[in-house]
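Engineer: What follows is a predicted structure for the sequence shown.
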Amino acid sequence: MPRDILVVEDLHKYFGGIRAVDGVSLRIPERGIVGLIGPNGSGKSTLFNTIAGRYKPDRGRVIFDGVDITGWKPHRIYKLGLVRTFQNPRLWLSLTVFENVLTSGRDQRGESPLRAPLHRLWAGQEMEYARKALDWVRFVQLGRVAASLSSDISGGQMKLTELARALMSRAKMLLLDEPAAGVNPTLAHQIFQNIARLREEYGLTFFIIEHRLEILFDYVDYVYVMHRGRVIAEGKPEEVAENPVVIDVYLGG
Ligand SMILES: Nc1ncnc2c1ncn2[C@@H]1O[C@H](COP(=O)(O)OP(=O)(O)OP(=O)(O)O)[C@@H](O)[C@H]1O
Ligand SMILES: [Mg+2]
């Protein structure tokens with residue numbers, strides 16, 4: 001049995017009277033590809049935001065890679081290797097695809113005002129980052145648009161750019177918020193095939209919010225279902241798909 005890389009215990013996040021996350025507990029095994037589904041407004045993005053440090057929980061604990069990260073600031077969590085992408089990609093539209101990926105390289109020495117003048121100190125590292133950024137751009141099959149402005153690529157390619165950027169950050173685990181939203185079926189499958197390859201080749205772990213169940217269910221090992229801030233079901237995709245409680249919330253809204 002693989003160990004659990006992420007453990008969430010009785011997590012709560014309220015907005016005034018809205019119990020957006022209302023006592024969620026779950027475990028994600030290392031190298032897992034786990035889905036998070038549920039109707040609109042069920043608390044999925046808020047759960048990600050609370051795990052990743054954007055919101056402080058009102059109650060509960062988050063343990064990542066054996067470390068209690070409850071209440072930590074987002075950049076500290078990111079540094080530990082837990083990296084999220086957004087429901088709407090946040091790219092620098094005036095930069096190219098390649099530059100967007102390059103900007104997330106960690107600890108770039110050239111950016112320090114003291115070291116910037118000493119070009120020879122960081123030139124080697126700069127080359128290494130550039131090479132790595134190009135590798136990730138190619139890995140997600142964006143090589144042909146690497147030099148295009150991010151404003152000129154399709155929605156699906158923006159999602160892939162965000163994925164490449166998350167990979168550049170040396171993540172151990174990625175929280176992906178609707179990676180296939182608004183993307184044509186071919187590209188959507190390509191995004192999920194990349195995810196499967198990343199698990200195989202790099203041992204990464206994924207927790208993925210996705211409304212397109214017909215695509216998601218082909219790739220995940222396990223699924224959690226949220227409704228009104230709570231986990232109402234969990235299991236293998238085929239179990240969840242036949243669970244009457246799940247069918248009910250999807251049909252009943
Ligand atoms: N920053 C906020 N301030 C106040 N209420 C919020 C905030 N963010 C989310 N909510 C509310 O919390 C609830 C859960 O929203 P959330 O965005 O987490 O749902 P979701 O499951 O991601 O939905 P979707 O599938 O539409 O993306 C909703 O009632 C929403 O209106
Ligand atoms: Mg959401």
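Structural biologist: In hand now; what should we look at? Numbers count the residues shown, from 1 in each chain. Ligands and ions are numbered 1, 2, ... in the order given.
Engineer: And the strands in the stretch 1-150 of the chain, which stretches?
Structural biologist: 4-15, 18-29, 33-37, 59-64, 67-68, 82-84 (DSSP state E, counting those that start in this stretch).
Engineer: quick one: which of these is nearest Tyr219?
Structural biologist: When the strands of the stretch 1-150 of the chain are compared for distance to Tyr219 using C-beta to C-beta, the nearest one is strand 33-37, at 5.9 Å. Backbone N, C-alpha and C define where each C-beta goes, glycine included.
Engineer: tell me the mean pLDDT for that closest one?
Structural biologist: Per-region confidence: strand 33-37 scores 98 on mean pLDDT.
Engineer: What ranges in the protein fall below the confidence cut-off?
Structural biologist: Applying pLDDT under 70 to the predicted model, the residue ranges of the chain that meet it are 105-124, 253.
Engineer: One more pass at 90, please.
Structural biologist: Within the chain, the ranges that satisfy pLDDT under 90 run 1-2, 85-92, 103-129, 155-156, 168-170, 180-184, 187, 250-253.
Engineer: got the domain boundaries for it?
Structural biologist: Residue ranges for the structural domains of the chain, counted by automatic domain parsing, are given in the record as 1-81+171-253, 91-112+119-169.
Engineer: which parts of the chain sit against ligand 1?
Structural biologist: 15, 18, 20, 38, 40-46, 87 (C-beta under 6 Å from any ligand atom).
Engineer: got the contact list for Pro185?
Structural biologist: For Pro185, the contacting residues are Ile215, by C-beta atoms under 8 Å, 6 or more residues apart in numbering.
Engineer: Apologies, that question was intended for Glu238.
Structural biologist: Contacts were defined as C-beta under 8 Å, 6+ apart; by that measure Glu238 touches Phe217.
Engineer: Now it. Its backbone dihedrals?
Structural biologist: As for Glu238, its main-chain torsions (degrees, to the nearest 10) stand at phi -70, psi -30.
Engineer: Please apply the same query to the one 3 residues further on.
Structural biologist: With angles defined as degrees, to the nearest 10, Ala241 sits at phi -60, psi -30.
Engineer: thinking it is in contact with Phe217, fair?
Structural biologist: Yes - under the contact definition of C-beta atoms under 8 Å, Ala241 touches Phe217, with a separation of 6.6 Å.
Engineer: sorry, back to before: can you lay out the strands of the stretch 1-150 of the chain as a markdown table showing distance to Met168 and mean neighbour count?
Structural biologist: Formatted as a markdown table, the entries for the strands of the stretch 1-150 of the chain read as follows, by distance: least, C-beta to C-beta, whole Å; neighbours: other C-beta atoms under 10 Å:
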| stretch | distance to Met168 | mean neighbour count |
| --- | --- | --- |
| strand 4-15 | 20 | 18 |
| strand 18-29 | 22 | 19 |
| strand 33-37 | 20 | 23 |
| strand 59-64 | 20 | 18 |
| strand 67-68 | 22 | 12 |
| strand 82-84 | 10 | 25 |
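Engineer: Run through the neighbouring helices and strands of the helix ranked longest in the chain.
Structural biologist: Among all segments of the chain classified by DSSP state H, the helix with the greatest residue count is helix 119-139. Helix 119-139 makes packing contacts with helix 97-102, helix 155-168 when contacts are defined by 3 or more C-beta pairs under 8 Å, 6 or more residues apart in numbering; DSSP states H and E.
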